[in-house]
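Engineer: let me see the structure of the following:
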Amino acid sequence: MQDSRKHLWRIVVEKIEDLAVSGCYEKVNNIMSFGMVGRLRKKAVELLGKPKIVVDAGCGPGSSSIIIAESNPNSTIILLDPSHRMLRIAKDKVERIAPGRINAVTGVFESIPVADNSVDGLVAMFSFRDAADFREAAREMARIIRPGGRLVILDIYRPWGPGLLLVKAYFRIVVPIAVSIARCPRKLVDYKSFLKTIETMLTADDIVNLLKEHFENVAVKKYAPGLAIFYAEKPA
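Structural biologist: Prediction:
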C-alpha cells in the first residue's frame with residue numbers, strides 16, 4: 001500500500017509543480033472551490049495563534065506561507081516540501097513579504113529535517129493526504145512541535161458512501177470547468193490522480209484518532225463533504 005502511495009505521490013507532485021510553474025495552481029483552486037480555499041487557509045492560520053517558528057509542511061508554491069507571513073509579522077516560517085522547484089517558487093514569493101524570516105528545507109512528512117521540540121506550530125494545507133505513511137507522518141509532526149505547540153491540518157478527507165461519490169463527481173465535473181475558466185492548459189490537471197489521493201486518504205474519524213495518539217484537544221470542523229480543518233495541541 002505504501003509503495004503504491006509513493007508512486008501516486010510522485011505523479012501528484014509533478015502535476016502540482018507544473019501547475020505552480022504555469023501560475024495556475026491558486027487560480028484553479030480558487031475557482032473550483034468558489035473562493036472557499038483562501039478563506040479556509042486564513043481560518044487555519046488563525047488557529048495557529050502567534051507562533052515564533054512555524055512549519056508549512058507540503059508548502060507547494062507558498063500560498064499558505066504568504067498568509068502566515070502576513071498574519072504573523074514576527075514569525076519565522078520553515079517551508080517544507082519534497083520538491084526543489086516548489087521550494088524555489090515558494091521562497092521567492094514569501095521572501096518578498098517576509099524578508100529574512102524564511103527557511104526552506106527539502107523533506108517529506110515521514111522524515112522532517114527539523115530538531116525535536118523546536119517549532120511552535122505546524123500547518124499542512126492540502127498536503128497531508130499525500131503522505132506515504134500517515135502514522136509515521138503524525139509521529140514526525142509531533143516530534144518537532146514543542147510541548148504546548150499547535151498542529152493544524154486543512155485537507156480533503158475520505159467521506160463515507162454517498163459523500164465519496166459526491167466528491168468524485170465534483171472533481172470530474174468542476175475541475176475541468178475551473179481549468180477552462182482559468183485559461184490553463186487542460187493537460188496540466190490530472191484529476192484522476194488527485195481522485196486517487198482521496199480514495200486512499202483516511203476518513204475524518206481516522207485522522208482524529210490518529211492525532212489523538214500524539215496530541216490533545218483534538219478537534220475537527222467540517223466545511224463541505226470531504227473537506228475539513230483538524231486542530232490539535234501537543235501535551236505540555
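Engineer: okay, now the unreliable bits of the chain?
Structural biologist: Applying pLDDT under 70 to the chain flags the ranges 1-23, 25, 185-193.
Engineer: 80 - rerun?
Structural biologist: Scanning the chain for pLDDT under 80 picks out the ranges 1-35, 170-180, 182-198.
Engineer: state which strand of it is the longest.
Structural biologist: The residue-count maximum for a strand in the chain (DSSP state E) belongs to strand 145-156.
Engineer: what comes up buried for it?
Structural biologist: By 16 or more other CB atoms under 10 Å, the buried positions in strand 145-156 come out as 145-146, 149-156. Yep, even glycine has a C-beta here, placed from its N, CA and C like the rest.
Engineer: which of the residues you listed sit farthest apart?
Structural biologist: Within those, 146 and 156 form the most distant pair, 28.3 Å apart (CB to CB).
Engineer: next, count neighbours for the closest residue to residue 159 other than its chain neighbours.
Structural biologist: The spatially closest residue to residue 159, leaving aside those adjacent along the chain, is residue 226, at 4.6 Å (CB to CB, 6 or more residues apart in numbering). By the criterion of other CB atoms under 10 Å, residue 226 has 23 neighbours.
Engineer: for residue 233, same thing?
Structural biologist: When counting by other CB under 10 Å, one arrives at 18 neighbours for residue 233.
Engineer: I figured it was touching residue 152, is that so?
Structural biologist: No - counting by CB atoms under 8 Å, residue 152 is not a contact partner of residue 233; they are 10.2 Å apart.
Engineer: what distance do you get for residue 73 to residue 154?
Structural biologist: For residue 73, the distance to residue 154 equals 22 Å [CB to CB, to the nearest Å].
Engineer: go on, residue 218?
Structural biologist: Plainly put, residue 218 is 15 Å away from residue 154 if you go by CB to CB.
Engineer: same thing with residue 77?
Structural biologist: Separation of residue 77 from residue 154 (CB to CB): 16 Å.
Engineer: all strands of this structure, in order?
Structural biologist: Using DSSP E, the strands found in the chain span residues 53-57, 76-81, 102-106, 119-125, 145-156, 216-224, 227-233.
Engineer: if we compare those, which one ends up closest to residue 196?
Structural biologist: Evaluated over these, closeness to residue 196 peaks at strand 145-156, with 12.1 Å, by CB to CB.
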